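>>> the sequence and its predicted three-dimensional model are supplied below.
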Amino acid sequence: MSSVKVAVRVRPFNSREKERNAELIIKMQGNTTFLTKPGVKKTGNEADDEKNQHKFTFDHSYWSFDSSDEHFANQQIVFDDLGKEVLANAWEGFNTSLFAYGQTGSGKSYSMIGYGEDKGIIPLACEEMFVRINNNTDPDINFKVEVSYMEIYNEKVKDLLNPKNNKPGGLKVRNHPTTGPYVEDLAKLAVKSFHEVDTLMDEGSKARTVASTAMNATSSRSHAVFTLVFTQTHSRNPLEKRSKINLVDLAGSERADSTGATGVRLKEGANINKSLSTLGKVISALAENSSAKKPIFVPYRDSILTWLLKESLGGNAKTIMIAAVSPADINYDETLSTLSYADSAKKIKNSATVNEDPKSKLIRELQQEIEMLRAQLMKSNLLPSSSQLETSTLSSSSSVVTPVEEANSGEAQKLKDQLEQSEKLIAELNKSWEERLSEAKQVREERLAALKDMGVAIKAVATLPHLVNLNEEPIMRGSLIYYLREGITVVGRSAKDDFYDDDDDDHGDEDEIYDGDEDKRRSFGGTDISSSSSISTTTEINTSSVEDPSTLESSYAEEYEKHTNTPDIVLNGLNIAAEHCTFVSECGVVTVVPPPDKTHTFIYINGIEITQPTQLSHGNRVILGNNHVFRFNHPEEAALLRNKREDTPDPVSPHIRMEKEVIDWDFALRELASAQGQRLLSTQLPLDDEGELKRKIL
């Protein structure tokens with residue numbers, strides 16, 4: 001029996017907390033974390049001060065608040081403590097799990113994945129794994145690694161590595177008596193190097209970004225599960241060690257009343273809370289069972305997340321939990337909830353065993369099960385021969401189904417489903433390593449083709465102008481690049497989106513207003529804006545080079561018509577039209593052309609909605625539809641601007657001033673709010689309903 005190891009990590013203040021002059025309410029001493037109630041001053045009386053303070057002791061307490069502090073815990077320190085332990089467990093043949101829990105913006109994704117060069121536990125663990133594999137000097141030992149990557153959003157499972165697998169309603173979660181809960185048809189790809197794993201993570205993140213942007217979602221609203229299956233075989237030993245490593249980035253844990261969500265967002269939050277509250281119930285039940293004489297029921301099946309993590313929680317696995325928390329007084333309730341959650345988790349005891357069963361035994365058990373199911377179907381006349389099937393078909397049109405026949409039919413379907421599951425599992429086990437590598441190569445080609453069909457860049461081209469995505473989530477920011485080739489590039493909605501499927505109306509309402517706990521986001525006219533004060537930005541748009549917009553539109557009308565059925569850049573989501581706009585690139589000049597005869601185009605340049613062809617400049621912010629926010633980059637123009645700045649530095653130049661600003665998702669949305677506010681205040685016309693809504697927001 002081994003207890004779940006728990007670590008807590010506190011991040012620095014974010015920009016919102018700094019703007020509000022937030023108070024630091026967390027301190028750490030060794031492995032002990034102290035949380036003080038906000039607004040309470042120390043009295044000097046130790047007993048009174050303790051009443052206003054919560055004390056928690058964990059296996060690790062990481063102080064990542066101040067990088068200048070001698071106790072500062074960086075990514076490498078966290079990996080050395082937790083990531084290397086995960087690998088040590090895997091090498092011994094144990095199943096192992098590491099999951100991060102906390103409210104949105106608490107640093108879960110940073111700890112697990114990292115941002116840019118500052119890698120998190122997942123990439124560092126994968127890199128270290130292949131370093132150890134490559135350093136192996138025993139020719140009799142062979143290592144195999146397979147990878148899967150899935151997302152659980154609104155209680156639906158999506159494959160992030162194989163777009164062809166995704167179906168309306170998500171992938172099915174099955175349970176098999178031999179192998180336990182698993183996701184049917186989830187891609188499990190063989191890899192031979194860290195580079196391949198890193199590529200899969202990058203392309204999986206691209207898939208996640210494309211889907212989440214179209215659904216107006218963020219990574220904080222979904223659970224991501226990255227799984228490594230690590231197998232060790234010995235040429236002189238028929239047994240093999242096989243360990244499953246689950247690395248889980250959980251959705252944000254904030255409550256509905258703290259986000260102000262309504263409508264579709266409330267339904268989405270309810271599903272997130274369902275899985276997290278079920279996780280809480282499971283952890284509480286397991287913690288109680290660790291000391292109770294009479295075990296209580298553990299509700300694993302109440303959510304997809306807990307059902308899939310059954311072995312990680314109180315089962316055959318060694319488990320580590322990272323509780324990510326905010327240091328600010330404005331997040332006191334959420335921080336206390338997270339720390340209490342983690343305190344319960346450390347009481348769970350798992351029964352991890354070395355997975356050293358021979359593969360042939362599992363295949364033999366599955367084969368026996370298949371034969372038993374077939375015999376049962378034949379015995380009950382529920383698996384008819386071809387002649388019986390033909391006779392049944394001829395008479396079916398005139399026969400009436402009796403209750404007994406209906407019951408038999410239901411039983412037959414159940415047995416056939418079990419048979420199909422077992423046959424799929426045995427087929428998967430019988431694949432050779434070469435077949436798995438070949439399959440992984442084929443899936444990668446299909447995944448790249450799907451991204452290419454949507455206009456997402458696969459290879460970097462340093463000289464071409466392009467759009468790069470801006471996202472509220474740092475791990476999704478800059479992950480999608482759309483190149484604008486010489487000539488015309490058409491942007492629009494696809495008739496059928498094969499890259500992801502969602503049969504629910506989870507895209508949000510156009511006029512929905514909600515306050516996000518992290519940045520008080522609001523939405524109007526289909527585009528999220530920040531409620532923070534307006535900022536002074538450069539909103540001038542260069543239209544001087546477009547002498548006659550109608551001439552430009554007509555000159556490209558014929559070519560535009562050819563492209564409308566198959567957009568070069570495919571975007572989905574609210575207010576993305578089938579023929580949304582075109583980008584015209586000629587001799588280094590890029591112009592965005594909205595469709596003709598539209599008063600509301602949902603094309604915003606530097607916060608201003610355009611209805612005429614508009615020339616783009618390097619650094620312009622481009623918002624299309626509700627959710628697609630981009631920065632326009634022009635490498636050649638950027639080089640000219642740098643040279644100009646070096647020759648004649650002008651601090652008041654718009655381009656120089658803009659380069660000093662951080663052009664991110666928040667900037668673009670504040671700029672949109674500022675531009676819309678200026679437009680509304682300058683007009684003397686009566687406001688319609690939409691205008692009234694905008695005025696309320698601003």
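Sure thing, it's come through.
>>> which residues are in contact with Asn21?
For Asn21, the contact set (Cβ atoms under 8 Å, 6 or more residues apart in numbering) is empty. Where you see a C-beta, it was placed from the backbone N, CA and C, and this is true even at glycine.
>>> same thing but 10 Å
With contact set as Cβ atoms under 10 Å, 6 or more residues apart in numbering, Asn21 has these partners: Phe13, Ala328, Asp329.
>>> what's the PyMOL syntax to select whichever of the residues you listed are buried?
The PyMOL selection below is limited to those of these classed as buried (16 or more other Cβ atoms under 10 Å):
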select buried, resi 13+328+329
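>>> from the contacts of Asn21, which single one is nearest Ser351?
For these, the closest approach to Ser351 (Cβ to Cβ) belongs to Ala328, at 39.3 Å.
>>> what residues are bridge-paired with the closest one?
Beta-bridge partners recorded for Ala328 (DSSP bridges): Leu24.
>>> tally up the residues packed near Leu171, please.
A count of nearby residues for Leu171, using other Cβ atoms under 10 Å, gives 18.
>>> gap between it and Lys156?
Taking Cβ to Cβ, to the nearest Å as the measure, Leu171 falls 8 Å from Lys156.
>>> what does Glu446 give?
Separation of Glu446 from Lys156 (Cβ to Cβ): 21 Å.
>>> and Ile296, by the same measure?
Distance of Ile296 to Lys156, given as Cβ to Cβ: 29 Å.
>>> the more surrounded of those two?
A direct count of neighbours by other Cβ under 10 Å for Ile296 and Lys156 places Lys156 higher, at 22 against 11.
>>> and the more buried one, how close does it get to Ser222?
Between Lys156 and Ser222 the distance is 10 Å, computed by Cβ to Cβ.
>>> read off the pLDDT value for Arg20.
At Arg20, the predicted lDDT confidence score is 88.
>>> what about it, neighbour count?
Around Arg20 there are 12 other residues, counting by other Cβ under 10 Å.
>>> so who does it touch?
Phe13, Ala328, Asp329, Ile330 are the contacts of Arg20 under Cβ under 10 Å, 6+ apart.
>>> give me the distance between it and Lys27.
Counting by Cβ to Cβ, the separation of Arg20 from Lys27 is 20 Å.
>>> over to Pro123?
Using Cβ to Cβ, Pro123 is found at 31 Å from Lys27.
>>> wait, doesn't Pro123 sit right on Ser111?
No: at 11.8 Å, Pro123 does not count as touching Ser111 under the criterion of Cβ atoms under 10 Å.
>>> with neighbour numbers in mind, choose between those two.
Ser111 (26 against 21).
>>> any idea whether the more buried one is helix, strand or coil?
Assigned with DSSP: H, G, I helix; E, B strand; the rest coil, Ser111 falls in the helix class.
>>> does it really touch Tyr62, like I thought?
Yes: contact criterion Cβ under 10 Å: Ser111 and Tyr62 qualify, at 8.7 Å.
>>> now for these two: what residues contact both?
Residues touching both Ser111 and Tyr62 (Cβ under 10 Å, 6+ apart): Ala7, Arg9, Arg11, Val78, Leu82, Ile322, Ala324.
>>> let's see which of the residues you listed end up in strands.
Among those, the residues falling in strands (DSSP state E) are Ala7, Arg9, Ile322, Ala324.
>>> quick one: which of these is nearest to Val183?
Taking Cβ to Cβ as the measure, Val183 lies nearest Ile322 of these, at 23.8 Å.
>>> that closest one: how many residues sit nearby?
Neighbours of Ile322 under the rule other Cβ under 10 Å: 27.
>>> which secondary structure state is assigned to the closest residue to it other than its chain neighbours?
Sequence neighbours aside, Ala100 is the residue nearest to Ile322 in space, at 4.5 Å (criterion: Cβ to Cβ, 6 or more residues apart in numbering). Per three-state DSSP, the secondary structure class of Ala100 is strand.
>>> list the contacts of Ala100.
Neighbour list for Ala100: 7, 9, 106-113, 120-121, 224, 247-250, 320-324 [criterion: Cβ under 10 Å, 6+ apart].
>>> one more time with 6 Å, if that's ok
By Cβ atoms under 6 Å, 6 or more residues apart in numbering, Ala100 lies in contact with Lys108, Ser111, Met112, Asp249, Ile322, Ala324.
>>> let me see the backbone angles for Lys156.
Note on Lys156: its backbone torsions stand at phi -130, psi 140 [degrees, to the nearest 10].
>>> show me what it is bridged to.
Legend: beta-bridge partners of Lys156 under DSSP bridges are Tyr153.
>>> and the pLDDT at it?
87.
>>> distance check, it against Met150.
From Lys156 across to Met150, the span is 10 Å (Cβ to Cβ).
>>> quick revisit: adding pLDDT as columns, could you present the ones in strands among the shared contacts of Ser111 and Tyr62 in a markdown table?
Output for those, formatted as a markdown table (pLDDT from 0 to 100):
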| residue | pLDDT |
| --- | --- |
| Ala7 | 95 |
| Arg9 | 96 |
| Ile322 | 95 |
| Ala324 | 94 |
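>>> that older thread, from the contacts of Asn21, pick the one nearest Val629.
Closest to Val629, out of all of these and judged by Cβ to Cβ, is Phe13, at 24.7 Å.
>>> does the closest one count as helix, strand or coil?
With three-state DSSP as the basis, Phe13 sits in coil.
>>> still on that earlier bit, now, which of the contacts of Ala100 sits nearest Ser3?
Minimum distance to Ser3 across the contacts of Ala100 is 15.5 Å, recorded for Ile322 (Cβ to Cβ).
>>> is it true that the closest one touches Ala7?
Yes: look at Ile322 against Ala7 with Cβ atoms under 6 Å: they come within range, at 5.2 Å.
>>> which SSE is immediately downstream of the host helix or strand of Ala207?
Element membership for Ala207 (DSSP states H and E) is helix 194-214. With elements assigned by DSSP H and E, the helix or strand that comes after helix 194-214 is strand 223-234.
>>> angle of whichever helix or strand comes after that next one against strand 223-234?
Sequence order places strand 237-249 as the next helix or strand after strand 223-234, per DSSP H and E. Orientation check (axes from the mean of the first three to the mean of the last three Cα atoms, to 10 degrees): strand 237-249 against strand 223-234 gives 160 degrees.
>>> so what's the nearest residue in space to Asp329 that is not next to it in sequence up against?
Distances taken as Cβ to Cβ, 6+ apart place Pro38 nearest to Asp329, at 3.4 Å, with adjacent residues excluded. Contact analysis of Pro38 by Cβ under 6 Å, 6+ apart lists Glu23, Ile25, Asp329, Tyr332.
>>> picking that back up, let's have the contacts of Asn21 in CSV, adding pLDDT and distance to Ala668.
Shown next, in CSV, are the contacts of Asn21 (pLDDT from 0 to 100; distance: Cβ to Cβ, whole Å):
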residue, pLDDT, distance to Ala668
Phe13, 92, 23
Ala328, 94, 25
Asp329, 93, 29
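>>> of the contacts of Asn21, closest to Leu669?
Using Cβ to Cβ, Phe13 is the member of those that sits closest to Leu669, with 20.9 Å.
>>> residues in contact with the closest one?
Taking Cβ under 6 Å, 6+ apart, one finds Ala22 in contact with Phe13.
>>> gap between it and Leu339?
From Phe13 to Leu339 the distance is 18 Å (Cβ to Cβ).
>>> again, but for Leu286
Counting by Cβ to Cβ, the separation of Leu286 from Leu339 is 18 Å.
>>> now swap in Leu250 and tell me
Counting by Cβ to Cβ, the gap from Leu250 to Leu339 is 15 Å.
>>> neighbour-wise, which of the two wins?
Leu250 (26 against 21).
>>> I'd guessed that one sits against Tyr101; true?
Yes: counting by Cβ under 6 Å, Leu250 does reach Tyr101; the two are 5.2 Å apart.
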